[in-house]
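**Student:** Next comes the sequence, and after it the predicted model I'd like to discuss.
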Amino acid sequence: MSDKKKTSAAETLDLDDMVASTDTGARKPLGVPGRILLGVATLWSLFQLWIASPLPFILGFGVFNATESRSIHLAFALFLAYMAYPALKRSPRDRIPIQDWVLGAVAAFCGAYMFLFYADLAERPGAPILQDVIVGITGLILLLEATRRALGPPLMIVALVFIIYSLAGPYMPGILAHRGVSLYGLINHQWLTTQGVFGIALGVSTSFVFLFVLFGAMLDKAGAGNYFIKVAFSLLGHYRGGPAKAAVVASGMTGLISGSSIANVVTTGTFTVPMMKRVGFSAEKAGAVEVASSVNGQIMPPVMGAAAFLMVEYVGISYVEVIKHAFLPALISYIALVYIVHLEALKANMQGLESSNPPKPLLQKLIGFLGGFLLLAGLSFAVYYGLGWLKPVLGDATPWLVAVVLAVVYVGLLKLGSQYPELELDDPDSPVLKLPQTRPTVMVGLQYILPVVVLVWCLMVERLSPGLSAFWATVLMIFIMLTQRPVLSLFRNQGHLGDEFKAGFIDLWDGLITGARNMIGIGIATATAGIIVGAVSQTGVGLVLADVVEILSMGNLMLILLFTAILSLILGMGLPTTANYIVVSALLAPVIVTLGEQNGLLVPLIAVHLFVFYFGIMADVTPPVGLASFAAAAVSGGDPIRTGFQAFYYSLRTAALPFLFIFNTDLLLINVTWLQGIVIFLVATFAILIFAAATQGYMLTRNRWYESILLLLVAFALFRPGFWMDMIHDPYRSIPPAQFEQALGNVDSDSTLRLQIKGEDAFGDSLTTYMLMPVPEGETGAERLENLGLELITEDDRAIVDMVTFGSQAADLGFDFDQEIIEVLAPVERWNKEWMWIPALLVFGLVVMLQRRRRRDSTEPAAA
């Protein structure tokens, strides 16, 4: 074997080990222990499919409540963590030491304790006996050790700090001190209730996340991962810097179903990074492009690294609403990354790879694209309205008809795909002289899109729960895995149907095992993150963090957000996406909400959660702990720290977006119409491209320093036109608090008043907050005040709350007895803020004119 091949093989083993050590577990035991490990993993996947299906309720057995399901889920995760993850780097990988068998069994028992003794625990709520405490202490210790093995030290250390903080509260200095928690109280809260380890996070992991991870694993095992990469390269590989653009799109498609940025980097990067280097990207830039696109996959709906399902529980809105709000920032961020790659290619005068597609005029390409789009749109409308018409007619028989139609479409797609050669896995080290043709590449794997369509249909149209939607998509995926090989073999007249059926079963078994092994880290992470959430609720440490940030920021809104972003980056270091979001949302989202209300920043809760989530996942990019950057450097052969800094530079657009949508929630499509949403998408996309051109220092030609500044101002004006309009015309007029009732009668019924309220906090200290108050129904101010559920005492120019009706709108808003309304701000008629887009576009036109003139007069290469 040549030295080059030996090096390549060694690198592949290192990469496999890196993914295994972070996602599936590096241990691969032989013989009976290996079969036990694989068998338990398969059982876990089957258990999750069972509790997600309607079968337990139809058959009347095997029905588990939420707490029991979480307990069994954690027992599986703990046992497999000790089986699959070695204790130390020098620990054996091909066998399981006896101590790990013992630790795994004890950990599984502690995890299953809530299930095994559910009835007994229900009889003594809040009063644990010695047995409960011993099991709880043992369980916490073994959970922390499993966390260290599966996820590394960071999350374990953070959880341990919070346990110590809970117990040592009275001995803490200054503002960190609290009343403290007893050992019995700690164990009861963390291990014997659903406030800690078995809380919402583990519940979401049990109900939703596992099925999505399993669905993604099966999709990949069936061949969809390779299909996505090949399609991306066939479509984009021939453009300037084409492999990098293909890497972005392929990582985006993989990120739709992946819960791990590191696995995404390695899966797509082993193929895309060498090709990027081949067309002229340096090792660090090639790795950075892969990191930026893979980490971006974690903010991409519908999975968002499993955070989407947690947001449903933490924010209290529907899954469809979460997807709607998260979609636009994620999409425009991806579009900007493709443009950044294009600018890098222009700066270096790179060329694409040779295309295998026959040349077509631009008009023919556009007609083909529009034809395909209109056909797809027509089919979508036909299915949507056709089912809407058929449902009342067919009633309970509708699902059977849908199943038959899906089967017919599936067989038709396989028939179509069988006319083209099968896609093969390429060797990333072999030179690629020609790209695959687009049509054969797209046609050969169209069946992989069906389960995704079913998933999206169940989520968005049928409005089924995420768990049930993933279950039905997984059922279709299982059917595809079992049948696609034999059916394709039949259509291609290849014979060997028995062997193809067997290969399909092996693919299915591998998918069940891989899905379970991919879930070990997530299951452990959500349980351990539950310790932190439990400590926050038990000790009130969130208020302490708010005080710290307030002292550091001195009440300045931008500094509050900046410090929160930095803390999110620090807390997110070394954590997988799911645990990352749980930690930053539990600790830092309340900080923004609390301090925002005190300083006039009033935004929907989903905007706050997306803000901390974005900065939490940026920790995967940022040195010195950016795990995705280290993985990409291992693939590219570049320096990991330089790769991380370059990836962060590419990710500036992702870091800027949270600040923008906090102040302009239109970007999250909150309270906008369909038409407004389309306009916002077009303008936001244009703005993010201008921002990318400014930060990359290149648009039509290299930017002058003042042109970059002008482009940044244009991008800001397009993203947040209200900033400039507020300077020209204040959006509110101040009304004396004593005239609050008159103000209520004078404003429109669909408007909102902005109030500043002075009262007391939980400790009796003076506290000033802001609130947005929708105007209640009523003809007069007095009637509206009564419908609001509020009675006021007015003295001179003061308005003091005298009575708040229980359960009224005023009570829900947070009004309380003896508060004082110190400022009333009513909206005023003014120009629409979008008028500020006009001067911004004029400035942009000036920059374009300057650059076109300079490009024409210079010898720089023209933009393609």
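**Tutor:** Good, I have the coordinates. Quick caveat, the model's predicted, so the values are computed rather than measured.
**Student:** Got phi/psi on Phe806?
**Tutor:** Dihedral pair for Phe806: phi -60, psi 130, per degrees, to the nearest 10.
**Student:** Count residues in the vicinity of it, would you?
**Tutor:** Counted with other Cβ atoms under 10 Å, residues neighbouring Phe806 total 7. For every residue, glycine as well, the C-beta is placed using N, CA and C.
**Student:** can you check Ile58 too?
**Tutor:** By the criterion of other Cβ under 10 Å, Ile58 has 7 neighbours.
**Student:** swap in Val801?
**Tutor:** 19.
**Student:** Repeat that for Ala146.
**Tutor:** 29.
**Student:** again with Leu143
**Tutor:** Leu143 is flanked by 27 other residues according to other Cβ under 10 Å.
**Student:** mind checking which helix or strand it is in?
**Tutor:** Taking DSSP states H and E as the definition, Leu143 sits inside helix 130-151.
**Student:** and if you look at Thr794?
**Tutor:** Assigned by DSSP H and E, Thr794 belongs to strand 790-795.
**Student:** who does that strand pair up with?
**Tutor:** Sheet pairing for strand 790-795, assigned by DSSP bridges, gives strand 798-804 (antiparallel).
**Student:** buried ones in the partner strand?
**Tutor:** Ala799, Val801, Val804 (16 or more other Cβ atoms under 10 Å).
**Student:** Which helix or strand lies directly C-terminal to the strand or helix carrying Asp812?
**Tutor:** Per DSSP H and E, Asp812 falls inside helix 809-813. Using DSSP H and E, the helix or strand that follows helix 809-813 in sequence is strand 820-827.
**Student:** sorry, back to before: would you mark the buried spots in the helix holding Leu143?
**Tutor:** Residues of helix 130-151 classed as buried: 132-133, 135-140, 142-151 (neighbour count, 16+ other Cβ under 10 Å).
**Student:** if we take the buried residues of strand 798-804, which one ends up nearest to Gly511?
**Tutor:** Closest approach between the buried residues of strand 798-804 and Gly511, by Cβ to Cβ: Val804, at 56.2 Å.
**Student:** Could you list every helix and strand in contact with the helix holding Asp812?
**Tutor:** Judged by 3 or more Cβ pairs under 8 Å, 6 or more residues apart in numbering; DSSP states H and E, helix 809-813 is in contact with strand 766-774, helix 781-788.
**Student:** Mind putting these into a markdown table with mean pLDDT, distance to Gln351 and mean neighbour count?
**Tutor:** Formatted as a markdown table, those follow (pLDDT from 0 to 100; distance: least, Cβ to Cβ, whole Å; neighbours: other Cβ atoms under 10 Å):
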| stretch | mean pLDDT | distance to Gln351 | mean neighbour count |
| --- | --- | --- | --- |
| strand 766-774 | 86 | 54 | 15 |
| helix 781-788 | 87 | 67 | 17 |
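**Student:** Could you save those as JSON lines and add columns showing distance to Pro56?
**Tutor:** Shown next, in JSON lines, are these (distance: least, Cβ to Cβ, whole Å):
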{"stretch": "strand 766-774", "distance to Pro56": "43"}
{"stretch": "helix 781-788", "distance to Pro56": "47"}
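**Student:** Ile524: which of those is closest?
**Tutor:** Ile524 sits nearest to strand 766-774 of all the helices and strands packed on helix 809-813, at 38.7 Å, using Cβ to Cβ.
**Student:** Show residues contacting that closest one.
**Tutor:** Strand 766-774 is contacted from outside by 597-602, 752-761, 788, 809, 813-814, 822, using Cβ atoms under 8 Å, 6 or more residues apart in numbering.
**Student:** any idea which residue sits dead centre in this structure?
**Tutor:** What sits nearest the mean C-alpha location of the chain, by Cα atoms, centre = their mean, is Met304, with 2.3 Å.
**Student:** Would you check that it makes contact with Val295?
**Tutor:** No: between Met304 and Val295 there is no contact under Cβ atoms under 8 Å: 11.9 Å.
**Student:** Domain-wise, how is this protein divided?
**Tutor:** Structural domains annotated on the chain: 23-285+295-321+340-538, 664-727+832-864, 732-829, as defined by automatic domain parsing.
**Student:** now those domains in CSV, with distance to Leu331?
**Tutor:** Shown next, in CSV, are the domains of the chain (distance: least, Cβ to Cβ, whole Å):
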stretch, distance to Leu331
domain 23-285+295-321+340-538, 8
domain 664-727+832-864, 8
domain 732-829, 28
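**Student:** returning to that earlier point: so how far is the helix holding Leu143 from its chain's centroid?
**Tutor:** Remark: helix 130-151 is offset 28 Å from the chain centroid, using Cα atoms, centre = their mean, to the nearest Å.
**Student:** Can you mark which positions in whichever helix or strand comes after that helix are buried?
**Tutor:** Moving toward the C-terminus from helix 130-151, the next helix or strand (DSSP H and E) is helix 153-167. Across helix 153-167, burial judged by 16+ other Cβ under 10 Å covers Pro154, Leu155, Met156, Val158, Ala159, Leu160, Phe162, Ile163, Tyr165, Ser166, Leu167.
**Student:** Show me the two of those that sit farthest apart.
**Tutor:** Pro154 and Leu167 (21.2 Å).
**Student:** Quick check: buried residues in stretch 169-181?
**Tutor:** Within stretch 169-181, judged by 16+ other Cβ under 10 Å, the buried ones are Gly169, Met172, His178, Gly180, Val181.
**Student:** contacting residues around it?
**Tutor:** So stretch 169-181 is in contact with Tyr165, Ser166, Leu167, Ala168, His189, Gln538, Thr539, Gly540, Val541, Val544, Asp547, Val548, going by Cβ under 8 Å, 6+ apart.
**Student:** Repeat the analysis, applying 7 Å as the threshold.
**Tutor:** Contacts with stretch 169-181, where a contact means Cβ atoms under 7 Å, 6 or more residues apart in numbering, come from Ser166, Leu167, Gln538, Thr539, Gly540, Val544, Asp547.
**Student:** Kindly report the same for stretch 96-109.
**Tutor:** For stretch 96-109, the surrounding residues in contact (Cβ under 7 Å, 6+ apart) are Arg27, Pro29, Pro33, Ala75, Leu78, Phe79, Tyr82, Met83, Thr138, Leu142, Ala146.
**Student:** Restricting to C-alpha, output that stretch in PDB.
**Tutor:** Output of stretch 96-109 as PDB, limited to C-alpha atoms (Å, rounded to 0.1, in the frame of the first residue of the first chain):
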ATOM      1  CA  ILE A  96     -16.600  -4.500  27.400                       C
ATOM      2  CA  PRO A  97     -14.800  -4.700  30.800                       C
ATOM      3  CA  ILE A  98     -16.700  -6.300  33.700                       C
ATOM      4  CA  GLN A  99     -16.900  -3.100  35.600                       C
ATOM      5  CA  ASP A 100     -18.800  -1.400  32.700                       C
ATOM      6  CA  TRP A 101     -21.300  -4.300  32.700                       C
ATOM      7  CA  VAL A 102     -21.900  -3.700  36.400                       C
ATOM      8  CA  LEU A 103     -22.000   0.100  36.100                       C
ATOM      9  CA  GLY A 104     -24.400  -0.100  33.100                       C
ATOM     10  CA  ALA A 105     -26.700  -2.500  34.900                       C
ATOM     11  CA  VAL A 106     -26.800  -0.300  38.100                       C
ATOM     12  CA  ALA A 107     -27.300   2.800  36.000                       C
ATOM     13  CA  ALA A 108     -30.100   1.200  34.000                       C
ATOM     14  CA  PHE A 109     -31.800   0.200  37.300                       C
END
